[in-house]
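Colleague: Quick check, what structure comes out for this input:
(2 chains)
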Amino acid sequence: MEKVLEVKGLSKQYSKVLAADNVSFDISAGEIFALIGPNGAGKTTTIRMISTLLKPTSGDVIVAGHSIKSAPEKVRGSITYLPDEAGAYKNMTGEKYLRFMAGLFTVDPRAIDQMVARAKEINGLGDRLGDKIGSYSRGMIRKLLLSRAVMTKPRLAILDEPTSGLDVLNAIEIRRTIKKLAAEEGMSFLLSSHNMLEIEFVSDRVGIIAKGHLMVTGTTAELKERYNAANLEEVFERVVNDHEIH
Amino acid sequence: MKFINLLKKELSELITAQMIVSFVAIMAMFMILGNVMSTTIEEATKQEYTIAISDRDETEFTQSLIKQMEDNGAKITKFSSEGDDYAAILKSNNSENLVIIPEGFTSDIENGTQPKLVTVSRMASTAMLSNLSNDTAGAAGFIENCISSTIAAQLGLSEEDIALMEDPVAVVDNTVVDDKSAQISSDSIMQRVMIQNEILPIIVFVLIMLTSQTLISAISNEKIDKTLETLLSAPVSRLSIISSKMLAAAIIALLNAAVFMIGFSTTISGATDKVTEQVAAEGNVISQYMTVESAMAKLGLTLSISDYILVGLQLFFTIMICLSLSIILGSLVNDTKSSQTVIMPLMMMAMIPYFISMFADVNSLPTVVKMLVYVIPFTHTFSAMSNLMFGHTTIFFAGLAYQIVFFAVCLFLALRLFNSDKILTISLNFGQKSKYKKKHSTSAEE
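Modeller: Next comes the predicted model:
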């Protein structure tokens, strides 16, 4: 299957901390891959490097055939990134925000209209899109931002903790949307989460990361079988114990 | 174009209802201030010619004195009074100032003793304009003149003798600038230049403060809301992101400057017109000498159109430096609290030259201090008008060149910052090293 993302030996050294250590994995077209691990494991650093926001100390990432080192601008044209706990411009209306973001991907007014229409369909916010974002609830903002992240039909959508801080119903809705887009449109997703039970439901494959190391990757079923575990949380516990880095 | 899309977004973020309200409020404030100043001065000017006189002597001589004053255009209100409780006398007559001619005034003159004249003024506050009307010195001076003429006439002196006694020396004031001179007192020029030179520094100061605040909060808000990360991961160049922010902040700053400039000049002209009218009414000094304008032109103290263009150019680079520095400072912000702290360096850079330019000439400071003050790029803007006016063109152009280099360095650093990891990882560290490092390493690990 066509590879949309190839992460090759990616490392990031901050002054004293090795935040990501030789991380390698790949994602195929239409696949949902999740990086899981506790807070401070290196998920966000890895995701920020793939999103071209941070420069790797070593290693490279190829997104849709473009290297983040040699062609970061081309990579940005193929991805969208939704940061953890991101906000949006409070003085803008939801529709204006979508239009502004679409305008960063294309200058064709017809294409912009199509993107906004698609986002409207996905987020289901209806008339509320005419209101200022400052008046939105957390769940509404997250839906708006998710629709923004997928309206451009990116090859790879990178979502950092997509459901954090949301109530159960909003979280379920967002998970459903992600699964639907991957299955019906062949869009690839890279998610990160510390909620391992959620990831078990939504992702095709997972990678377990702790203290900057990507310890193991595989489908949820494979990993549960390999580690003789009932769920991903147990898998994670055993993986960490096996590698003796508590 | 993607840049236009970014610029429109930046402008719509900055032009809010609060900003429009503050524009209207500033204009209203200036209009009220201008009105207050012109009416206060008008009132004061009017009142100065109204003199309340209590004639306790009531002789033919004192009555003729009062009549002479009336003939000379003074508006006199006469009233009777007793005792020396002047506060009560002022209160009962509902007046702000009065002159009392005591009993025995005429007989003192006749006997050759120095007569006494009592003046009373109410002081309501120490504000400059509020006390303009309290000056009874004019009335007392007039009475003095009348009496000296009377005495001189009694002694048999001619009018020429009196004129010579009153004004024994005719002082011809001359002012020299470089190798040019004009027949005018330097005080007259100082008064005119002061009003003119007060406008520019205030506008520069307001511009620097508003521009930096606008941009710092624009960037820090994007960092805090994480919209910056979204923007930086979009297919749009970092230069477009920076320049759209700078241009939007510059447009807002110029709008603010225009509002201030119009408001301030109406206020100042409201005040100066009245003062000028008053001076013209008293009209003697100016006609004896040249007019201030023609003297200033003769001394080369007027600014040509090209000078104004140069001042404008320098103002432009001042804003650009301010914007590029604000981008760097705004990037240091990680929470709303620190967004108020990071503006401090820019505030100091604006305040030091602003205050110095108000009280002293930078060029006359000791060399080391002068150099230190000139290191602050904004100093050159504050002293621009004076440098051009007094022909210190070398200092002016050196300052302009320094500002251009300073701007280029700041912009380069800002761009490098936006192109590096630092834009997301940099933060303030005010002596809380251990705490900061701890926090930093945790966020790095994530």
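
Colleague: dump the residue contacts of residue 89.
Modeller: By default, I'm working from chain A. Contact partners of residue A:89, counting by C-beta atoms under 8 Å, 6 or more residues apart in numbering or on different chains, are A:97, A:100, A:133, B:9, B:13, B:225, B:227. From N, CA and C alone the C-beta is placed, and that goes for glycine too.

Colleague: ah, no, chain B please
Modeller: Taking C-beta under 8 Å, 6+ apart, we find residue B:89 in contact with B:54, B:81, B:83, B:98, B:120.

Colleague: Report the secondary structure state of the second one.
Modeller: Secondary structure assignment for residue B:81 (DSSP: H, G, I helix; E, B strand; the rest coil): coil.

Colleague: number of nearby residues for it?
Modeller: By other C-beta atoms under 10 Å in any protein chain shown, the residues close to residue B:81 number 21.

Colleague: So for residue B:320, what's the nearest residue that isn't a sequence neighbour?
Modeller: residue B:407 (4.9 Å; C-beta to C-beta, 6 or more residues apart in numbering or on different chains).

Colleague: residue contacts, the one you found?
Modeller: With contact taken as C-beta under 8 Å, 6+ apart, residue B:407 is in contact with B:317, B:320, B:321, B:324.

Colleague: tell me how far the strand or helix carrying the last one is from the chain's mean position?
Modeller: It stands for residue B:324. In the assignment (DSSP states H and E), residue B:324 maps to helix B:305-331. Once both centres are worked out by C-alpha atoms, centre = their mean, to the nearest Å, helix B:305-331 turns out to sit 21 Å from its chain's centre.

Colleague: And it, what's buried?
Modeller: The neighbour-count check on helix B:305-331 (16 or more other C-beta atoms under 10 Å in any protein chain shown) flags B:307, B:310-311, B:314-315, B:317-331 as buried.

Colleague: which stretches of chain A form strands?
Modeller: Along chain A, the stretches classed as strands by DSSP state E are A:3-13, A:18-28, A:32-36, A:58-63, A:66-67, A:79-82, A:156-160, A:188-193, A:205-210, A:213-219.

Colleague: Can you lay out those strands as a markdown table showing mean pLDDT and distance to chain B?
Modeller: Listed next are those as a markdown table, based on pLDDT from 0 to 100; distance: least, C-beta to the nearest C-beta, whole Å:
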| stretch | mean pLDDT | distance to chain B |
| --- | --- | --- |
| strand A:3-13 | 94 | 8 |
| strand A:18-28 | 94 | 5 |
| strand A:32-36 | 94 | 11 |
| strand A:58-63 | 96 | 11 |
| strand A:66-67 | 96 | 11 |
| strand A:79-82 | 96 | 4 |
| strand A:156-160 | 95 | 8 |
| strand A:188-193 | 93 | 9 |
| strand A:205-210 | 92 | 10 |
| strand A:213-219 | 93 | 12 |
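
Colleague: Throw those strands into CSV and include mean neighbour count, thanks.
Modeller: CSV is the format used below for these (neighbours: other C-beta atoms under 10 Å in any protein chain shown):
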stretch, mean neighbour count
strand A:3-13, 20
strand A:18-28, 20
strand A:32-36, 25
strand A:58-63, 20
strand A:66-67, 18
strand A:79-82, 26
strand A:156-160, 24
strand A:188-193, 26
strand A:205-210, 24
strand A:213-219, 17
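
Colleague: if we can go back for a sec, how about the residue nearest to residue B:320, secondary structure?
Modeller: Recorded secondary structure, residue B:407: helix (three-state DSSP).

Colleague: where's the one residue sitting closest to the centre of chain A relative to residue B:175, distance?
Modeller: Centroid-nearest residue in chain A, with C-alpha atoms, centre = their mean: residue A:159, separated by 2.2 Å. Using C-beta to C-beta, to the nearest Å, we find residue A:159 at a distance of 74 Å from residue B:175.

Colleague: Just after the helix or strand harbouring residue B:345, pick out the following helix or strand.
Modeller: Here residue B:345 sits within helix B:344-359, counting by DSSP H and E. Heading C-terminal from helix B:344-359, the first helix or strand you meet, by DSSP H and E, is helix B:367-375.

Colleague: Now do that following helix and helix B:344-359, the angle between them.
Modeller: Between helix B:367-375 and helix B:344-359, the angle comes out at 120 degrees (axes from the mean of the first three to the mean of the last three C-alpha atoms, to 10 degrees).

Colleague: Who are the packing partners of the following helix or strand past helix B:367-375?
Modeller: Moving toward the C-terminus from helix B:367-375, the next helix or strand (DSSP H and E) is helix B:379-382. Counting contacts by 3 or more C-beta pairs under 8 Å, 6 or more residues apart in numbering or on different chains; DSSP states H and E, helix B:379-382 packs against helix B:186-224, helix B:305-331, helix B:344-359, helix B:393-419.

Colleague: for chain A, which helix is longest?
Modeller: As assigned by DSSP state H, the longest helix anywhere in chain A is helix A:168-185.

Colleague: and the angle from that helix to strand A:156-160?
Modeller: 160 degrees.

Colleague: State the mean pLDDT of helix A:168-185.
Modeller: The pLDDT scores in helix A:168-185 average 90.

Colleague: cool, stretch B:303-310 as well?
Modeller: Here the average pLDDT along stretch B:303-310 is 82.

Colleague: for the closest residue to residue B:328 other than its chain neighbours, what are its contacts?
Modeller: Using C-beta to C-beta, 6+ apart and skipping the chain neighbours, the partner closest in space to residue B:328 is residue B:414 (5.4 Å). Going by C-beta under 8 Å, 6+ apart, residue B:414 touches B:242, B:324, B:327, B:328.

Colleague: correct me, but the last one touches residue B:415?
Modeller: Just to be clear, that refers to residue B:328. No: Residue B:328 is beyond contact range of residue B:415, at 10.2 Å (criterion: C-beta atoms under 8 Å).

Colleague: Contacts only, for residue A:142.
Modeller: Counted by C-beta under 8 Å, 6+ apart, residue A:142 has contacts A:162, A:163, A:166, A:170, A:174.

Colleague: and the closest residue to residue A:126 other than its chain neighbours, what pLDDT?
Modeller: In space, and not counting its chain neighbours, residue A:126 is closest to residue A:120: 7.9 Å by C-beta to C-beta, 6+ apart. pLDDT, residue A:120: 95.

Colleague: same deal with residue B:272?
Modeller: If you check residue B:272, the pLDDT there is 59.

Colleague: And for residue B:343?
Modeller: 88.

Colleague: what's near enough to touch it?
Modeller: Taking C-beta under 8 Å, 6+ apart, one finds B:212, B:213, B:216, B:329 in contact with residue B:343.

Colleague: Does residue A:57 touch residue A:13 like I think?
Modeller: Yes: taking contacts as C-beta under 8 Å, residue A:57 lies within contact range of residue A:13: 4.4 Å.

Colleague: Please give the number of neighbouring residues around the closest residue to residue A:233 other than its chain neighbours.
Modeller: Nearest residue to residue A:233, sequence neighbours excluded (C-beta to C-beta, 6+ apart): residue A:196, at 4.9 Å. By other C-beta under 10 Å, 21 other residues sit near residue A:196.
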